[in-house]
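# sequence? don't have it. structure:
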Ligand SMILES: [Cu+2]
C-alpha cells in the first residue's frame, strides 16, 4: 500500500476512533465526568485527488443542534483535507457557487503562476477552474484558502480553508508517529457574542489589529477535546485565524519537540515549552503522553504574552485551545528521530540582491497598512526577481502591530531578528510565512527555483492583506550571460589549478576567482584570489585556466564571480571541495614582499609533524622575536612579520634582518630587507 493511501486510511481511522471512543471511555472513567464535556475534535473528510471542490454558502452545525452559515467546500467546514504524495500531480475542478468572485490559493505549495489563485485570476460566480500541478514541495503541513481581491479575510473567516498535507515515503525511515497518532490541528478564533454565527463585521480596531475573537475552534470544533493514548503523537498545528497570534503550550508546561516548520521537517528536534504561531504559519510537534495516567486531562493553550493594543478583543490574552484526555495505552510505535534530515543553510555572503520592505501604517482609513509606502495594485508589478538568485528580504516593521509576512512560490530561511541570529526553534527551518513583531527588523534569505510569473508578497493578517498590505512581483528567467560547460580543479602541492570552459558568452567582462578557507574562523567570507578577462560576446567554446598559488594546508571552496560590462554578476560554484595537503620536503621560502615596510609574509613547508621555531634576528645575531614556537602538523604554512609591533620598545631601523626556520633537524635561514 502506498504511503499516501496508508495515511489516508489512518486519517479516516483517526476520525473514526475519536468519534467512537468517548462513550466507552466515559464509563471507565466516571471520576472524569466534569472534564468530559465539550465536543470530540472533528476531522474534515479527505479529498479524493482528481475530484471536484464546490464552494458554496452552506449551513453546518458548528455547535451541536445550532445552525451556522458558512462558506463550505463540498459542504464541509473546514474544507476537506488534501493528502498528496510528493511528486504526484494534484488536480481539482474548483466550482464557485458563491455570488461573488473567488480564488483558491495553495499556501506554501509551489505552483505555476496561473494555478496560484492570484486575485487577478478569479473564478466568477457560477464558473469553475481546474487547478492542476505536480506537488514539488517537501513533505509537510500546508493549506489552501481564499485569496480573492479584497475578499480574502471574509471568505477565510466564513470557512473557506483546509489542510493540504504532503507526504513522502522518505519520511517513513524516521519512525515518526503516523495514522491516528498524526493529528492535524487548525486553530481559529470566533466571537461568543455572535454564536452560533460567523458574523464578519469589522470595526476600525479589527482593521488596525486584525480580526480577533474570544473563543476557539479547532478543526471547526468548539470546546474541542481529543482522546489520546499514553504514547508519542505528532501534532500538525496550523494557525487558520485572520489576525490572532498564539503562544502554543500545554497547561502543565510540559516540554515537547518542534520537528517541522512551514515547509517541512527541521534538521533537529529541539525541546521547547512554547512557541509563537501567527496566521498562515505551521509548526509540527512531537508530544509524549506516556507519563500521564489514564483519566488525566491537560489543555492545549495559548499563553498570555505582552502585546500592544486594547479593546475587547486583543492579542496576548490567555486562551484554552483544546482539552486532551488521556484515555488509553495503545502505543503509536513512533520515536523522536535521533537524526533529522539535513538543511543546507543559505550563506548571507552569497546574496546577490538585498530588498527592503518597510511596513508602515498611515492614519486610519482605507489602505492604511502599507509596504514601502505602497498599497496593493492588482495591475502593477512592484519588482522583478530572477530565478535561482539568492536574495535577502529585509522586513522593517515600523508599526506596533504584528505582521506575518508570506511569500508565494518560495521557501525561505529566517536569518536574523533585530540583528540576532540566535533564533527561536520555530524560525529555524524552511519557512513561507514569518511573524514580524512590532518594531522588529527580520532578515530572510530567499530564492525562487521553480516557476516564472507574477506572485504575491503580503501580510497574512487577512485584514491587513485586504487593506492593501500586499505587493506583486514577477519571477523572471534571466538568460545567463555566460554558459559554463565545465568547471574542474587539480591540486599541485600548494597550488590549485582551476579549469573552466564556456560554450557561449554575452558581454562577458571576465571572472573574479573567489575562495573560502573552510578551516578558518572567517569561513563565510569569500576572498578574491584573482581575475581572468572574459571574451566579450562569442558563440564558440572558450577555455580558461587560473592557478591559485601558495595556499596553506587546508580545505577550500571556490567560485567564479562572473561580471558583465554592465556590472551584472552571476556566480558559478565549484561543485567539490579542494584539499591542499602536505609537502614532500622541508622548505623555507623567501619572504614577500621584500624589501618590505612595515610587514612581510614568510612561507614554510614541513613534511613531517615537528616542533617548529621561526625566529627573526637582527644583523648582529640578536634575537628579535619568535614568529612560531610550537608543534606543527606536516603542511604548508605562512606567517606574517610586522616590524612595527615586534617584541621591542623601539622602532626597527632600515637594514638587513635574518629569519631562521628550525623543524626537527632541519635548519635554514634567509635574509630580508626592511626599508623605512
Ligand atoms: Cu500585517
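Yes, it's here. Bear in mind the structure is a predicted one, so any value in this text is a computation, not a measurement.

# And the helices in the stretch 401-550 of the chain?
Using DSSP state H, counting those that start in this stretch, the helices of the stretch 401-550 of the chain run over residues 462-466.

# other SSEs contacting the strand or helix carrying residue 301?
If you go by DSSP states H and E, residue 301 is part of strand 297-302. If you count contacts as 3 or more Cβ pairs under 8 Å, 6 or more residues apart in numbering; DSSP states H and E, strand 297-302 packs onto strand 246-250, strand 319-328. The C-beta positions use only the backbone N, C-alpha and C, and glycine is treated the same way.

# the inter-axis angle of the next helix-or-strand element following the first one versus strand 246-250?
When you say that, I think you mean strand 246-250. Downstream of strand 246-250, the first helix or strand assigned by DSSP H and E is strand 256-261. Note on geometry: by axes from the mean of the first three to the mean of the last three Cα atoms, to 10 degrees, strand 256-261 and strand 246-250 are set 140 degrees apart in direction.

# what's next to strand 256-261, contact-wise?
140-141, 176, 234, 236, 250, 265-266, 269-273, 275, 281-288, 336-337, 340, 425-431 (Cβ atoms under 8 Å, 6 or more residues apart in numbering).

# Pairing partners for that strand, with directions?
Paired neighbours of strand 256-261 in the sheet (DSSP bridges): strand 264-265 (antiparallel), strand 271-272 (antiparallel), strand 282-288 (antiparallel).

# of all those strands, which lies closest to residue 497?
strand 264-265 (40.2 Å; Cβ to Cβ).

# neighbouring contacts of the helix or strand containing residue 613?
Residue 613 belongs to strand 610-617 when assigned by DSSP H and E. For strand 610-617, the external contacting residues (Cβ under 8 Å, 6+ apart) are 602, 604, 606, 623-632, 634, 639, 641, 646, 657-664, 666.

# among those residues, which are in strands?
Counted as lying in strands by DSSP state E, out of those, are 602, 604, 606, 623-632, 639, 641, 657-663, 666.

# Pull out the buried members of those.
Neighbour-count burial (16 or more other Cβ atoms under 10 Å) applied to the ones in strands among the contacts of strand 610-617 gives 602, 604, 606, 624-625, 627-628, 632, 641, 657-659, 661-663, 666.

# Point out the other helices and strands that the longest strand along the chain packs with.
What stands out as the longest strand in the chain, according to DSSP E, is strand 495-517. The contact analysis (3+ Cβ pairs under 8 Å, 6+ apart) places strand 495-517 against strand 482-492, strand 527-538, strand 542-548, strand 554-564.

# what residues are up against the residue of the stretch 501-650 of the chain found nearest the ion?
Residue of the stretch 501-650 of the chain nearest the ion, by Cβ to the ion: residue 524 (32.3 Å). Residue 524 makes contacts with 347-349, 516, as judged by Cβ under 8 Å, 6+ apart.

# Could you do residue 420 as well?
Taking Cβ under 8 Å, 6+ apart as the definition of contact, residue 420 has no neighbours.

# sorry, back to before: output the helices and strands packed on strand 297-302 in JSON lines; the columns should cover distance to residue 674, mean pLDDT and mean neighbour count.
Below are the helices and strands packed on strand 297-302 laid out as JSON lines (distance: least, Cβ to Cβ, whole Å; pLDDT from 0 to 100; neighbours: other Cβ atoms under 10 Å):
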{"stretch": "strand 246-250", "distance to residue 674": "65", "mean pLDDT": "98", "mean neighbour count": "22"}
{"stretch": "strand 319-328", "distance to residue 674": "74", "mean pLDDT": "97", "mean neighbour count": "21"}
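
# Out of those, the one nearest residue 480 is which?
The closest of the helices and strands packed on strand 297-302 to residue 480 is strand 246-250. By Cβ to Cβ, the value is 44.5 Å.

# List the contacts of the closest one.
Outside of strand 246-250, the residues within contact range by Cβ under 8 Å, 6+ apart are 187, 237, 239, 256, 273-278, 283, 287, 298-305, 316, 319, 321, 324.

# partner strands of it, parallel or antiparallel?
strand 274-277 (antiparallel), strand 297-302 (antiparallel).

# closest one to residue 575 among those?
Comparing these under Cβ to Cβ, the one sitting nearest is strand 274-277, at 37.0 Å.

# Need the contact partners of that closest one.
The contact list for strand 274-277, computed with Cβ under 8 Å, 6+ apart, reads 187, 237, 239, 245-249, 258, 283, 303, 305, 424-426, 435.

# Could you rerun that using 6 Å?
The contact list for strand 274-277 (Cβ atoms under 6 Å, 6 or more residues apart in numbering) reads 237, 239, 246-249, 283, 303, 426, 435.

# Could you identify the most distant pair in those?
249 and 435 (16.3 Å).

# so which of the helices and strands packed on strand 297-302 gets nearest the ion?
Of all the helices and strands packed on strand 297-302, it is strand 246-250 that lies closest to the ion, at 15.9 Å by Cβ to the ion.

# chain center to the closest one, what's the gap?
From the chain centre to the centre of strand 246-250 is a distance of 21 Å (Cα atoms, centre = their mean, to the nearest Å).

# burial of the residue of the stretch 201-350 of the chain found nearest the ion, as a residue count?
As assessed by Cβ to the ion, the ion sits closest to residue 210 within the stretch 201-350 of the chain, at 6.8 Å. Per other Cβ atoms under 10 Å, the neighbour tally for residue 210 reads 31.

# And residue 253, by the same measure?
The tally of other residues near residue 253 (other Cβ under 10 Å) stands at 11.

# same check, this time on residue 307
18.

# pretty sure it is in contact with residue 313, am I right?
No: contact criterion Cβ atoms under 6 Å: residue 307 and residue 313 do not qualify, at 11.8 Å.

# From residue 188, how far out is whatever residue of the stretch 251-400 of the chain ends up closest to the ion?
With Cβ to the ion, the shortest gap between the stretch 251-400 of the chain and the ion falls at residue 369, namely 5.8 Å. Residue 369 sits 22 Å away from residue 188, going by Cβ to Cβ, to the nearest Å.

# Equivalent analysis for residue 217, please.
Distance from residue 217 to residue 188, counting by Cβ to Cβ: 5 Å.

# ok, these two, which is more surrounded?
Taking neighbours as other Cβ under 10 Å, residue 217 and residue 188 compare with residue 217 leading, 27 against 24.

# What pairs with the helix or strand hosting the more buried one, parallel or antiparallel?
If you go by DSSP H and E, residue 217 is part of strand 215-218. Applying DSSP bridges to the sheet, strand 215-218 is found paired with strand 182-190 (antiparallel), strand 221-222 (antiparallel).

# Redo the ones you listed as a markdown table? Include distance to residue 70.
Formatted as a markdown table, the strands paired with strand 215-218 follow (distance: least, Cβ to Cβ, whole Å):
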| stretch | distance to residue 70 |
| --- | --- |
| strand 182-190 | 11 |
| strand 221-222 | 13 |
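
# Which among these is found nearest to the ion?
Smallest distance to the ion across the strands paired with strand 215-218 (Cβ to the ion): 16.5 Å, for strand 182-190.

# chain center to that closest one, what's the gap?
Taking Cα atoms, centre = their mean, one finds the center of strand 182-190 at 22 Å from the center of the full chain.

# Please parse this protein into its domains.
The record's domain parsing of the chain by automatic domain parsing lists 482-580, 587-674.
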